[in-house]
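>>> Requesting a structural model of the entry that follows:
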Amino acid sequence: MTRAIWNDTVIAESDKTVIVEGNHYFPPSEVNKEYLVETDYRTQCPWKGEAHYFNIVVGDEINRTATWSYPEPKEKAKHIKGYFAFWKGVSVE
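Numbering: from 1, shown residues only. So this is what the prediction gives:
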């Protein structure tokens with residue numbers, strides 16, 4: 001079971017992650033979305049498409065743009081559509 005943990009809180013937990021470019025992408029149904037707040041921040045990947053970023057909010061603590069997802073990925077990345085990946089101090093173990 002792979003977990004994404006920040007601030008002693010499990011943000012996502014799954015045995016069905018997909019690894020892309022060294023990052024675990026968690027299925028949307030296995031992410032605790034109550035901790036996520038979508039931002040306006042976006043980046044572009046030449047083969048995956050536009051990434052949408054989310055802040056993680058646990059109690060009074062905010063980890064800005066610490067998770068991202070591809071809601072409408074390009075064809076080669078369709079297998080991670082809507083999945084979430086983490087960085088910026090989020091422990092994925």
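
>>> Can you read off the pLDDT for the residue of the chain positioned farthest from its centre?
Centroid-distance maximum for the chain: Asp60 at 20.2 Å, with C-alpha atoms, centre = their mean. Predicted confidence (pLDDT) for Asp60: 97.

>>> How much space separates it from Ser91?
Counting by C-beta to C-beta, to the nearest Å, the gap from Asp60 to Ser91 is 20 Å. Just so you know, the C-beta spots here come from the backbone N, C-alpha and C atoms, and that holds for glycine as well.

>>> residue contacts, the residue lying closest to Gly59 once chain neighbours are set aside?
Nearest non-adjacent residue to Gly59, counting by C-beta to C-beta, 6 or more residues apart in numbering: Asn7, 7.2 Å away. Asn7 makes contact with 56, 58-59, 61, 63 under the criterion C-beta atoms under 8 Å, 6 or more residues apart in numbering.

>>> Secondary structure for the residues you listed - can I get that in a markdown table?
A markdown table is the format used below for the contacts of Asn7 (DSSP: H, G, I helix; E, B strand; the rest coil):
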| residue | secondary structure |
| --- | --- |
| Ile56 | strand |
| Val58 | strand |
| Gly59 | coil |
| Glu61 | strand |
| Asn63 | strand |
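
>>> For the buried ones among those residues, write the corresponding ChimeraX selection.
A single ChimeraX command is used to select the members of the contacts of Asn7 judged buried by 16 or more other C-beta atoms under 10 Å:
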select :56,63
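
>>> so Pro28 touches Ala85, yeah?
No - using C-beta atoms under 8 Å, Pro28 is not in contact with Ala85; the gap is 11.7 Å.

>>> Fine by me, thanks again.
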